[in-house]
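Student: Next input, structure requested:
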Amino acid sequence: MKGLELSEKYYYEHGADMIRENFADFEQYLAIGLVGSGSECFGYDDEISTDHDFEPGFCIFLPDEDLVDSRTEFLLERAYSKLPKEFMGYQRSKINPVGGNRHGVIRMSDFFEAKTGSKNGDIPLNAWFYISEQFLLEATNGKIFCDNLGRMTQIREKLSYMPEDIRLKKLAGNLLIMAQAGQYNYSRCIKRGETAGAQLAVCEFVNAALRSVFLLNKKYIPYYKWAFRALKDLSVLSDLHNDLEYLISSGNTESEAIEKQRITENIAAAVIRELFSQNITRSECKELERHAYSVNDKIKNSEIRNLNILYAV
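Tutor: As a prediction, this is how the structure comes out:
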């Protein structure tokens, strides 16, 4: 069973009654769900995932103390800790009886500040450059089972995706890295017989390509080990998965190098077509470097546009 499904069933079979019977006066202020770290919050969990941090549990998100005071928070923690220790064959963790950072009682402001630096989802434009997309995704992933006050949902909507000028700046920088690493440095390393340098160039190209594809989909890129898994679910350019995997999993013999250069150009061409589809480039060139600067020119905020093109990568 998927962790998100397990969490929701556990809440509705045990948590909902506990809250309704013991905290009826505060139920209207609570948001309940499973959000944050862990593969189960992304829907990526499998049998291997159950070897650690996998248990029946959910999050009870509280607003500030003007609505739910610290004593009620303490009582909620105690009540949560007394919920059944076993559910559908899975055991609750014995390490932290009140749930800890992944499950249990959590202040909304603490949760969002830890992930984004903002308690309420209001982020200054330039600050978006310094927040990891992984953490932004952890703040907006999973599922909220109920949100009677609506505050949790409102904050998640503010964080649902980065501002357009930030997206374009990140995209421009990653396109330039794709050009330098894949369309230029890889072949030069191969000609010099520097296969280690060539493979590093490939890795730089693939990493930048992955980030570019997620940016073109207007989706946050997850933690690196889930990037290829998440790529399959994207609506745009998900078909690049196999080619990108080949680039980093193959060697650099003469025949492989020729094939890698062919694949690199095909990936570049696919990305360029999508840039035109989104009307964020004007260049007619096959070289991604020209398109990187063309995308940068589309940035409306002059201060962000005039930053070094690699500023956001």
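Student: Grab the longest helix from this protein for me.
Tutor: When the chain is parsed with DSSP state H, its longest helix is helix 254-277.
Student: which helices and strands sit right next to that helix?
Tutor: helix 164-178, helix 186-191, helix 195-216, helix 241-249, helix 288-297 (3 or more C-beta pairs under 8 Å, 6 or more residues apart in numbering; DSSP states H and E). C-betas here are computed from N, CA, C, even on glycine.
Student: where do the strands sit along the stretch 1-150 of the chain?
Tutor: Per DSSP state E, counting those that start in this stretch, the stretch 1-150 of the chain carries strands over the ranges 31-34, 59-62, 86-87, 90-91, 104-107, 143-147.
Student: What pairs with the second one, parallel or antiparallel?
Tutor: By that I understand strand 59-62. Strand 59-62 sits in its sheet next to strand 31-34 (antiparallel), strand 104-107 (parallel), going by DSSP bridges.
Student: and of the ones you listed, who's closest to residue 248?
Tutor: Nearest to residue 248 among the strands paired with strand 59-62 is strand 31-34; the distance by C-beta to C-beta comes to 32.0 Å.
Student: May I have the closest one exported as PDB, CA atoms only?
Tutor: Extracted as PDB, the C-alpha positions of strand 31-34 are listed here (Å, rounded to 0.1, in the frame of the first residue of the first chain):
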ATOM      1  CA  ALA A  31      -5.600  21.200   8.600                       C
ATOM      2  CA  ILE A  32      -4.900  17.500   8.300                       C
ATOM      3  CA  GLY A  33      -2.800  15.700   5.700                       C
ATOM      4  CA  LEU A  34       0.500  14.300   4.700                       C
END
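Student: how far is it from where the chain is centred?
Tutor: Centroid separation for strand 31-34 versus its chain: 19 Å, with C-alpha atoms, centre = their mean, to the nearest Å.
Student: now swap in stretch 192-212 and tell me
Tutor: On C-alpha atoms, centre = their mean, the centre of stretch 192-212 falls 23 Å from the chain's centre.
Student: sorry, back to before: relative to helix 288-297, how tilted is the longest helix of the chain?
Tutor: Counting by axes from the mean of the first three to the mean of the last three C-alpha atoms, to 10 degrees, helix 254-277 points 30 degrees away from the direction of helix 288-297.
Student: I'd like to check what contacts helix 254-277. Which residues are they?
Tutor: With contact meaning C-beta atoms under 8 Å, 6 or more residues apart in numbering, helix 254-277 is reached by 175, 178-179, 182-183, 186-187, 190, 198, 202, 205, 209, 212-213, 216, 236-237, 240, 243-244, 246-247, 250, 252, 281, 286, 288, 291, 294-295.
Student: Tell me the strands beside the helix or strand of the chain with the lowest mean pLDDT, with direction?
Tutor: The least trusted helix or strand in the chain, going by mean pLDDT, DSSP states H and E, turns out to be strand 90-91, with a mean of 84. Under the criterion DSSP bridges, strand 90-91 sits next to strand 86-87 (antiparallel) in its sheet.
Student: mean confidence for the partner strand?
Tutor: On average, the pLDDT along strand 86-87 is 90.
Student: number of nearby residues for the residue nearest to residue 57 when sequence neighbours are not counted?
Tutor: Once flanking residues are discounted, residue 57 sits nearest to residue 103: 3.4 Å by C-beta to C-beta, 6 or more residues apart in numbering. Close neighbours of residue 103, defined as other C-beta atoms under 10 Å, add up to 24.
Student: ok, now residue 42?
Tutor: Residue 42 has 20 nearby residues by other C-beta under 10 Å.
Student: who's in contact with the residue nearest to it when sequence neighbours are not counted?
Tutor: Leaving aside its sequence neighbours, residue 42 sits nearest to residue 141 (C-beta to C-beta, 6+ apart; 5.6 Å). Going by C-beta under 8 Å, 6+ apart, residue 141 touches 35-36, 41-42.
Student: Now rank those by neighbours and give me the top one.
Tutor: Busiest of these [other C-beta under 10 Å] is residue 35, holding 24 neighbours.
Student: That one is in contact with residue 137, isn't it?
Tutor: No. Judged on C-beta atoms under 8 Å, residue 35 makes no contact with residue 137 at a distance of 10.4 Å.
Student: No further queries at this time; thank you.
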